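Chemist: All I have is the shape, not the residue letters:
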């Protein structure tokens, strides 16, 4: 009897020891990572190797296994970060710009985590849908074609008439139909669009959402013209910025009303395995929207740095200054601005600060470098 | 009337050659083969394909915890081969390795190992996510290191087994001299008590076997398997036991010891499995409970030999036969073997117990020569009641 108890005790000690060691190595490694990766730059080691070893040491073995076939999915989360859909621009008789967009609903199996397929409903074959971008005051003409097997719509968070709202009776269209949404791009800010066919929950969680960014027109904001210019895509001031489109989403793969996978831009752990390259001395601006279904809130936490936050992006001065965490309910969104100018190069983590979301896939890295390869 | 046609048939049979009846078998075999080929080639069941995902089923058969993390043996039971795409532990994805790699065919098993730093004495939930997004959850109720077979651990388990298996049977057998002078009434009482305790064990064993069967992969059809194995074991032992007439005396005692031994093997498995699963801390009280619970088993073995004079060696042999399987059971059970094996072992035990119940009842009925009503005499009924009541009460001490 005594012997039995002793056996247990000695194992317990052994085990405690091994866990302590794991913990210690994980803690040390985050410090060592930066140097390690930095050192690799001088040598001929491929960046991919450095990144792999870096994310391994930063998160240990707690990560999804394998990699997603981006080619089969037809979209790549890294490309998506900077892939803005600005539409086809034409001039209206009154001299205003008109932007025409075409969006097609398509049902598609997508790989949302290595080896895990999800029967998604997509806009233009991607989840999130294309990141639409226009300038304040532009006339927008968005053609939706429904190639799916259910009624769908585009419901924009913006200012428009009731007829253009994309709710049942006003722009929800049946399979095979087409609808044109027309309205002016206002107010400027970081917005979103999503399907508003019913049931809303199902249409959202199947992947029918995307960013809708309206840049401020500098001419309309003389008091903050410089700031407005920096937000205006295509301006020389804007070119200085490294802008990223990020949609926080999640997937309930077994349809039990709880998410199995969380991510930023659909693919669990995508930016942990392929860190986002950031040039050290150029400022960063993130257009962030939370569209997570089933959970009341989501959040964004930046490691080792602080940012200014513009809730909904409808102001040119920050609504929150110097924070390293922002919380968003569903459809809440905003703009994050920060810089790594004063930082040493290295891997800087970002993730939801709901640990559960982080550990179920919503975690990534900024790979801050002197120059981008 | 009925016999006539039967007698006619063999007369006709020699007319045809001995081979041709077998040749007729080729027809059904050929039709079956054609049906299979057609089913695969023409796919006539296509109309039933309504776009539903394949049925998936995953049973977790073994869970090993050591300082490398977790290892789980999983068995697939889907309509198609299954792919485990990701594995969560406590709502976090962990890197894992599959051995063997690739999809798991229906009925096959794979070891999944994760470098997860589990916490002693706490609960962990493992969740397997397949390529279709279906999830299969497995709870490690209380995380404790899975015993590994070292000489030290085998020895301490052997001591435990001796306490719950061999010692009580030996103590029970030691009542033999005191019981020798028993009159027919006491004799009937003792034999009926043995039937009572065996009846308790039978129910207990069957229920436990069914519980383990429930945990095993659906492909084994657990409950059917338990019933079939128990009946087979019963019939085989009946057949062997009755080769030279109804067993009595030492022979019957040996069968009782065998039945009890098989039950104790199952009990050992359960104890071993309980410790492996962390379901039980080992209290002195619990061990004493098992000892007390099993003492009657010794008396039961001794009962049919009261009018004979067996050697001391046969007493030792009987004690070991009935008790030592508990040791083996704990050894095997602590290595976290798959539930279907435990269910089979328990079902064999159930069959063996049923056999001795029948034989002892026959022994009780024989002197009175009044069949089953003998069991309803005051002394026999009292014995039955005492046996079951004692077992039930002492079982309260050991229920985990």
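Modeler: Done, it's in. All of these numbers come straight from a predicted model, not from anything done at the bench.
Chemist: Tell me which residues touch residue A:92, please.
Modeler: Residues in contact with residue A:92 (Cβ atoms under 8 Å, 6 or more residues apart in numbering or on different chains) are A:98, A:139. Where you see a C-beta, it was placed from the backbone N, CA and C, and this is true even at glycine.
Chemist: Over to it: give its phi and psi.
Modeler: Main-chain torsions, residue A:92, degrees, to the nearest 10: phi -90, psi 160.
Chemist: which residues in the stretch 51-200 of chain A form strands?
Modeler: With DSSP state E, counting those that start in this stretch as the criterion, the stretch 51-200 of chain A has strands at A:84-85, A:88-91, A:97-113, A:116-123, A:131-135, A:139-146, A:155-156, A:178-184, A:189-194.
Chemist: who wins for proximity to residue A:163 among those?
Modeler: Relative to residue A:163, the nearest member of the strands of the stretch 51-200 of chain A by Cβ to Cβ is strand A:178-184, separated by 9.1 Å.
Chemist: For residue B:48, which residues are in contact?
Modeler: So residue B:48 contacts nothing (Cβ under 8 Å, 6+ apart).
Chemist: gap between it and residue A:262?
Modeler: 36 Å (Cβ to Cβ, to the nearest Å).
Chemist: Just put the strands of the stretch 51-200 of chain A in CSV and tack on mean neighbour count and distance to residue B:379.
Modeler: Below are the strands of the stretch 51-200 of chain A laid out as CSV (neighbours: other Cβ atoms under 10 Å in any protein chain shown; distance: least, Cβ to Cβ, whole Å):
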stretch, mean neighbour count, distance to residue B:379
strand A:84-85, 18, 94
strand A:88-91, 10, 102
strand A:97-113, 19, 71
strand A:116-123, 22, 69
strand A:131-135, 24, 90
strand A:139-146, 20, 86
strand A:155-156, 23, 86
strand A:178-184, 16, 92
strand A:189-194, 25, 82
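Chemist: since we're on residue 333, how many residues are nearby?
Modeler: Unless you meant another one, I'm taking chain A. 25 (other Cβ atoms under 10 Å in any protein chain shown).
Chemist: Switch to chain B, please.
Modeler: Neighbours of residue B:333 (other Cβ under 10 Å): 27.
Chemist: Likewise for residue B:321?
Modeler: Neighbours of residue B:321 under the rule other Cβ under 10 Å: 24.
Chemist: Can you tell me the SS state at it?
Modeler: Of the three states, residue B:321 takes helix under DSSP: H, G, I helix; E, B strand; the rest coil.
Chemist: contacting residues for the nearest residue to it once chain neighbours are set aside?
Modeler: Nearest residue to residue B:321, sequence neighbours excluded (Cβ to Cβ, 6 or more residues apart in numbering or on different chains): residue B:257, at 4.2 Å. The contact partners of residue B:257, taken as Cβ under 8 Å, 6+ apart, are B:169, B:301, B:318, B:319, B:321, B:322.
Chemist: Now do the contacts for the one residue in chain B that gets nearest to chain A.
Modeler: For chain B and chain A, the shortest gap (Cβ to the nearest Cβ) falls at residue B:133, measuring 2.5 Å. For residue B:133, the contacting residues are A:116, A:117, A:118, A:251, A:253, A:254, A:260, by Cβ under 8 Å, 6+ apart.
Chemist: Closest to residue A:105 out of those?
Modeler: residue A:118 (16.2 Å).
Chemist: Just confirm the closest one contacts residue A:253, I think it does.
Modeler: Yes. Here residue A:118 reaches residue A:253: they are 5.9 Å apart, a contact under Cβ atoms under 8 Å.
Chemist: Common neighbours of these two, please.
Modeler: Listed as contacting both residue A:118 and residue A:253 by Cβ under 8 Å, 6+ apart are A:112, B:133.
Chemist: Kindly spell out which helices and strands sit in contact with the longest helix anywhere in chain B.
Modeler: For chain B, the helix with the greatest residue count under DSSP state H is helix B:184-215. Where contact means 3 or more Cβ pairs under 8 Å, 6 or more residues apart in numbering or on different chains; DSSP states H and E, helix B:184-215 is packed against helix B:222-241, helix B:249-276, helix B:284-302, helix B:339-368, helix B:378-398.
Chemist: before we move on, back to that, out of the strands of the stretch 51-200 of chain A, which gets nearest to residue B:333?
Modeler: Closest approach to residue B:333 among those (Cβ to Cβ): strand A:116-123, 35.9 Å.
Chemist: which one of the helices and strands packed on helix B:184-215 has the lowest average pLDDT?
Modeler: Taking each of those in turn, the lowest mean pLDDT turns up on helix B:284-302, with a mean of 77.
Chemist: by contact count, what packs against it?
Modeler: So helix B:284-302, by 3+ Cβ pairs under 8 Å, 6+ apart, packs with helix B:167-173, helix B:176-179, helix B:184-215, helix B:249-276, helix B:312-323, helix B:378-398.
Chemist: And it, how far out from the chain middle?
Modeler: 20 Å (Cα atoms, centre = their mean, to the nearest Å).
Chemist: Tell me what angle it forms with helix B:378-398.
Modeler: Helix B:284-302 runs at 160 degrees relative to helix B:378-398, counting by axes from the mean of the first three to the mean of the last three Cα atoms, to 10 degrees.
Chemist: Show me where the stretch 201-350 of chain A has its strands.
Modeler: A:209-215, A:242-251, A:261-264, A:276-279, A:284-290, A:297-302, A:307-311, A:320-323, A:325-329, A:333-338, A:346-351.
Chemist: Tell me where the model's unsure across the chain.
Modeler: As the question left the chain open, I've gone with chain A. Residue ranges of chain A with pLDDT under 70: A:1-59, A:372-373.
Chemist: Actually, chain B is the one I wanted.
Modeler: Along chain B, the parts satisfying pLDDT under 70 run over B:1-19, B:277-286, B:336, B:367-372, B:398-400.
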